[in-house]
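S.K.: when you get a sec, could you give me coordinates for this:
(chains A, B, C and D)
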Amino acid sequence: MPDDKLIVCRCEEVTLDEIKKAVKDGASTVSGIKKRTRACMGMCQGRVCQSLVKKVLAHESGNQADSIETATSRSPVRPIQLGEII
Amino acid sequence: MKTDVAIVGAGPAGLSAALYLARRGLGVVVLDEYFRAGGRLAGQLYENPKKPPGQRLWDGKAIAEKLSGDVKKAGATILTGVSVWEIAPGSGVFISGGPCQKIAAKAVLIATGAAERAMPVEGWTIPGVMSAGAAQVFANVHGVLPGRKVVMAGIDPLSITVAGELKKAGVEVVGIFLPPPGILAGSSGLPQWVIGELSRSADMAPGTFLKMAGKLFGGSYREVGARLCSLAPANIWGIPLHLRKAVIRVEGEEQVDSVLTARISHDGKIEQEDCRIEADAVCLSGGLYPLTDLIAAAGCPLVSMPGLGGMVPLHGPLLQTQSKGVFLAGSVTGIEGAPVAIAQGHLAGVSIAAFLGRLGKGNRHELDRAVEMVGQAREESPLKFYPGADGARKELAALWDRWKINSAGGNYA
Amino acid sequence: MLRIKGKDREKGREGDQITFTFNGLSYQGLAGEPIAAALLANGVRTLRHHEKSGKPRGIYCGIGHCYECRVTVDGVPGVRACLTPLKEGMEVMSERAGEVTSNEN
Amino acid sequence: MNAKSPDVIIVGGGIVGTSTAYFLARKGVKVVLLEAGDIAGGTSGACDRAIMIQSKNPGPLLKMALASAGIYERLEDELGETLEYNKKGGMIVIEREEEMKVMERIVDRQRASGIDVQLISRKEAIAIQPAVAPHIIGATWWDGDADVNPMAVCLAMTRAARAKGAKIVLNTRVDSFIMEKNRVTGVNTAAGPIRADRVLVAAGVWSPELGKTAGLKIPIIPRKGQILVSERIAPLINGNVLSGSYIACKHNPKLAEKAGQSEKKLGLGLSLGQTKNGNLLIGGTREFAGYERSTSSEAIKAIAANAVRLFPSLKNVRIIRSFAGLRPYTPDGLPLLGQVEGRPGMYMAAGHEGDGVALGPITGNIMADVIAGDQVDWDLFPFNPERFEDLYTS
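M.R.: Below you'll find the predicted structure:
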């Protein structure tokens, strides 16, 4: 399957190929992938793709997926309209 | 809005905790993002072979209706269509879409359940491709089918169950296939691993479809081996279950029109492109993981427990967390079935009542009893989602004890 | 129609047949069912287009986590169609690239 | 670690460290950059994207910011990467008469320094920024302000440095200096010691801890800034926007006294910009809260209220996350740049507080000259690390 056609992050349309390239560029954490590719930075905030990103990181570094730290969760954990919180 | 306990999630765990707490006379507000209480209970209907005859039917929708009715009768408030965006440990939760901005509460119960793991395939953003869980919700809860001709990718208890339910509802289920092999599918793209997992869970499977799968794979190793060698699909109630074929691409412009499959070797490599199948919907299944973002944002550490479905918040035997006054119940503590979630919800309720000093001295036994009931629910559970759950629970308990000792006892006796 | 007929119709507890619009076209749905269910029942799968690529998107997770099904409902953008109950006369619109504005006060 | 020691060790992979590595490597100097985590893993990866020059205090800092802007203008071509650099101007919106007075003085001084910043009327401001609240009484505007993706800058500088022979070592914390008497001769890392004649400390807020191991009390304190990120929306904000209250308080701390208790503690002031992707970055706070990087509902709500007051239509916009960065504050608001005389071999480039993005490229450029021993065209006296009397503890 061509990696450049397989979307991993649906929100930001980041492909497997781009994530692998980010790993080669030095990313070793979810946050490193985020800043290089924008994966996990869209509306769903990684609820869909973070586990996939971790799998790629683990695979490329020869570790278990569970050894990759989950990105820090920060509020708001759901999108909120500014008008709702003022 | 002010109350004693704010409960996030109106699924089996949250409702069961609410029922206990409201009956104890505590103020309870249950919050849920969905517009109806019940959570994933709503889509469940199966028989539990481990229960005595007469008690085997598990009608999730009826249970959800009764539970939420009882909760309201007991005096609790259920707010639906409300999203919780932050826990303020010790002071409540912040909400969006509700009648106010904050539910001030002395204790908070997080019962946010699980989310589905993505199982991507090229073309999975095309409309008509949805998660297996979504197909289940639309068919079983809303009475709307995902399509007329459906392909399922990803072989696990959920996907087999959903495929069966769709077939029963009149959908032509073209087949259940492996996910595309590669990094993202990992072991779930390997025929051998899939068979192993299926035989492990199928011997105590709920529902006819999984029992069929149990008959197919729960047998001898020789039979499993034979299945591995065979390119012909197994057959579950007329649905072809392909252990040597994977969906490798979904095609279509504005919506799904076909699916490309490939033959897969024993060790999970694409041998050759197989054929193009016409379909108007594709369901993807990758299993479940605990939805922990809310509790993690409150600063609770997550620990890796593959046996519980992934990262779970560190918590104690009484479902307490490191944040004082914040408790957990249900699949957020690890993926398990609804009966376990109900028992955990009850335990969380008793535990919160004790935390708030409302249990009463003579009622300490209620805590022990509630812990026992969770154990019993686990024993009777018809399905283990992940192997190694028991070991993971023990490991978690040990981690909790270590934290408690290191932090000089924490806040709990 | 993708709606389950007959006895299984009781599966949904939703109410009467009502009329709503999606991108200006008129559809029938059941009051109280999620907007996404009503559209799917009518065979409408594309709910929006991706803001950057313009590629069509529809229901994905079905339970409010993925935000793929967000639409504009009666002028309010970013509403999840899978979580929002349908009401008589609702005006539902796709969100398309460049159309997601938040300028109106 | 490696057989041949480098000429220069750079500690820190933020915008200062990576740009110094690039400019040194461009000179052919053998550089090793050591980063405890990832490139842009600290302050440079948790800031807004404004290169707001008109808000700088007239003087040496402003002069440097202008030179930095010159580097930015050709940096995309030079590095061959897109950095989302966009010179689309900047506005400071003014709500109150007392802010206006402060801003008038600042604008006069800046114009005298050669920046063509304008004080514009309420009507003119609304024409440029249609979403701004009608209650403002005026604004400033300067075409020369810009914005950039700071993470892209750090990553591109790193790649370019690497291409020119620099060695970039990630996930490797520097624990201490190797000293021979007062001379710095290398660093100790988790992966072992590395020797070099010259070591640059570009570790931002994490510099003081390292400084201790060389008997230095580096007067940098972390100042937390919380920022909200919105969903992608159609273009709404032109250029960068700051609130006058923020600038006025920065230049006239007495004005800050008028703010409410909570506002004062948070150091609330609006900063607003829109990324190429359409997300709004809505700031922000300036808090002394140690090294913790959590965000709080208190701050989120305060930032939201402040933003909606100045841009009412933001009330319909969803925020999808928040983050916090630690800005390296110094007591006199100027970074520490140059050689540390009492510690031969040690160089410092840290303490830019919120000016790191604007000043990063020029800082790297100057430090490369200083470290390489080339002619330095800048008067670094105001930035001399030794201006702090109690710098040396031993």
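S.K.: near whatever residue of the stretch 101-250 of chain D ends up closest to chain A, how many residues? Count them for me, please.
M.R.: Distances between the stretch 101-250 of chain D and chain A by Cβ to the nearest Cβ are smallest at D:M151, namely 4.4 Å. The C-beta positions use only the backbone N, C-alpha and C, and glycine is treated the same way. For D:M151, the neighbour count with other Cβ atoms under 10 Å in any protein chain shown is 23.
S.K.: just give me how far the host helix or strand of it sits from the chain centre.
M.R.: Assigned by DSSP states H and E, D:M151 belongs to helix D:150-163. The chain centre lies 16 Å from the centre of helix D:150-163; the measure is Cα atoms, centre = their mean, to the nearest Å.
S.K.: stretch B:167-182 now?
M.R.: Using Cα atoms, centre = their mean, the offset of stretch B:167-182 from its chain centre is 20 Å.
S.K.: please apply the same query to stretch C:40-51.
M.R.: With Cα atoms, centre = their mean, you get 7 Å for stretch C:40-51.
S.K.: list the buried ones in that stretch?
M.R.: Neighbour-count burial for stretch C:40-51 flags C:L40, C:A41, C:N42, C:V44, C:R45, C:T46, C:L47, C:R48, C:H49, C:H50, C:E51 (criterion: 16 or more other Cβ atoms under 10 Å in any protein chain shown).
S.K.: got the residues of the stretch 1-150 of chain B near chain C?
M.R.: B:33-35, B:81, B:115-116, B:125-131, B:133-135, B:137-148 (Cβ under 8 Å from any Cβ of the partner chain).
S.K.: in CSV, list the C-alpha atoms belonging to stretch D:135-142.
M.R.: The C-alpha coordinates for stretch D:135-142 follow below in CSV (Å, rounded to 0.1, in the frame of the first residue of the first chain):
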residue,chain,number,x,y,z
HIS,D,135,-15.6,50.6,21.3
ILE,D,136,-11.8,51.0,20.6
ILE,D,137,-10.7,54.6,20.5
GLY,D,138,-7.8,54.1,18.1
ALA,D,139,-4.9,51.8,17.2
THR,D,140,-1.4,51.7,15.9
TRP,D,141,-0.5,50.1,12.6
TRP,D,142,2.8,49.1,11.0
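S.K.: what comes up buried for it?
M.R.: Buried, per 16+ other Cβ under 10 Å, within stretch D:135-142: D:I136, D:G138, D:A139, D:T140, D:W141, D:W142.
S.K.: residues of the helix or strand containing D:S245 that come out buried?
M.R.: Assessed by DSSP H and E, D:S245 sits inside helix D:244-251. Buried residues in helix D:244-251, defined by neighbour count with 16+ other Cβ under 10 Å: D:G244, D:S245, D:Y246, D:I247, D:A248, D:C249, D:K250.
S.K.: cool, and stretch D:328-346?
M.R.: Applying 16+ other Cβ under 10 Å to stretch D:328-346 flags D:328-330, D:334-340, D:343, D:345-346 as buried.
S.K.: distance between that stretch and the chain's centre?
M.R.: The answer for stretch D:328-346 is 16 Å, by Cα atoms, centre = their mean.
S.K.: one step back: and the helix holding D:S245, what does it pack against?
M.R.: Helices and strands touching helix D:244-251, by 3 or more Cβ pairs under 8 Å, 6 or more residues apart in numbering or on different chains; DSSP states H and E, are strand D:90-94, helix D:97-112, helix D:253-256.
S.K.: per-residue confidence averaged over the shortest one?
M.R.: When you say that, I think you mean helix D:253-256. Helix D:253-256 comes out with an average pLDDT of 70.
S.K.: what does the longest one give?
M.R.: Here helix D:97-112 scores 93 as its mean pLDDT.
S.K.: ok, the very next helix or strand once past that helix: who's next to it in the sheet?
M.R.: Past helix D:97-112, further along toward the C-terminus, the next helix or strand under DSSP H and E is strand D:118-121. Its sheet considered, strand D:118-121 pairs with strand D:138-142 (antiparallel) by DSSP bridges.
S.K.: would you mind listing what in the stretch 201-350 of chain B touches chain A?
M.R.: B:248-249, B:270, B:289, B:291-294, B:296-297, B:302, B:304, B:306, B:310-311.
S.K.: and the helices in chain A?
M.R.: Taking DSSP state H, the helices of chain A run over residues A:16-24, A:30-37, A:50-61.
S.K.: the strand or helix carrying B:Q344 vs chain C: in contact?
M.R.: B:Q344 belongs to helix B:338-355 when assigned by DSSP H and E. No: judged by Cβ under 8 Å from any Cβ, helix B:338-355 and chain C are separated, with a smallest distance of 15.2 Å.
S.K.: dump that helix to CSV, keeping only the CA atoms.
M.R.: C-alpha atoms of helix B:338-355 as CSV (Å, rounded to 0.1, in the frame of the first residue of the first chain):
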residue,chain,number,x,y,z
ALA,B,338,-21.5,-3.3,30.4
PRO,B,339,-22.3,-5.6,33.4
VAL,B,340,-18.8,-4.9,34.8
ALA,B,341,-19.3,-1.2,34.2
ILE,B,342,-22.6,-1.4,36.1
ALA,B,343,-20.9,-3.1,39.0
GLN,B,344,-18.0,-0.6,38.9
GLY,B,345,-20.5,2.3,38.9
HIS,B,346,-22.1,0.9,42.0
LEU,B,347,-18.7,0.6,43.7
ALA,B,348,-17.8,4.1,42.6
GLY,B,349,-21.1,5.3,44.2
VAL,B,350,-20.3,3.6,47.5
SER,B,351,-16.8,4.8,47.4
ILE,B,352,-17.9,8.4,46.7
ALA,B,353,-20.5,8.2,49.5
ALA,B,354,-17.6,7.1,51.9
PHE,B,355,-15.4,9.9,50.6
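S.K.: give me the nearest residue to residue 76, chain neighbours excluded.
M.R.: You didn't pick a chain, so chain A it is. Using Cβ to Cβ, 6 or more residues apart in numbering or on different chains and skipping residues adjacent in sequence, the residue nearest A:P76 is B:W85, 3.7 Å away.
S.K.: look at chain C instead
M.R.: Closest to C:V76 by Cβ to Cβ, 6+ apart is D:N316, at 7.9 Å.
S.K.: surely the one you found touches A:E84?
M.R.: No: D:N316 is beyond contact range of A:E84, at 9.8 Å (criterion: Cβ atoms under 8 Å).
S.K.: which residue ranges of chain C form strands?
M.R.: C:17-22, C:25-30, C:48-49, C:56-57, C:70-73, C:76-80, C:91-93 (DSSP state E).
S.K.: enumerate every residue touching the closest residue to chain C within chain A.
M.R.: When scored by Cβ to the nearest Cβ, chain A has A:M43 as its residue closest to chain C, at 3.9 Å. Each residue near A:M43 by Cβ atoms under 8 Å, 6 or more residues apart in numbering or on different chains is listed here: A:C11, A:P79, C:Y67, C:R70, D:E231, D:I320.
S.K.: just the ones in helices from the residues of the stretch 201-350 of chain B next to chain A, please.
M.R.: Per DSSP H, the subset of these in helices is B:D293, B:L294, B:A296, B:A297.
S.K.: hmm, who's touching the host helix or strand of B:A377?
M.R.: Using DSSP H and E, the element containing B:A377 is helix B:364-380. Under the contact criterion Cβ under 8 Å, 6+ apart, helix B:364-380 has outside partners B:48, B:50-51, B:317-318, B:336, B:339-340, B:342-344, B:346-347, B:349-351, B:354, B:359, B:390.
S.K.: I'd like to know which elements the helix or strand following that helix is packed against.
M.R.: Later in the chain than helix B:364-380, the nearest helix or strand by DSSP H and E is helix B:389-406. Contacts defined by 3+ Cβ pairs under 8 Å, 6+ apart place helix B:389-406 against strand B:302-305.
S.K.: hang on, B:G287 packs against B:L158?
M.R.: Yes: assessed by Cβ under 8 Å, B:G287 is found in contact with B:L158 at 7.0 Å.
S.K.: tell me the buried residues in the helix or strand bottoming out on mean pLDDT in chain C?
M.R.: Every helix and strand in chain C was compared by mean pLDDT, DSSP states H and E; the lowest is strand C:76-80, with a mean of 92. Across strand C:76-80, burial judged by 16+ other Cβ under 10 Å covers C:P77, C:G78, C:V79, C:R80.
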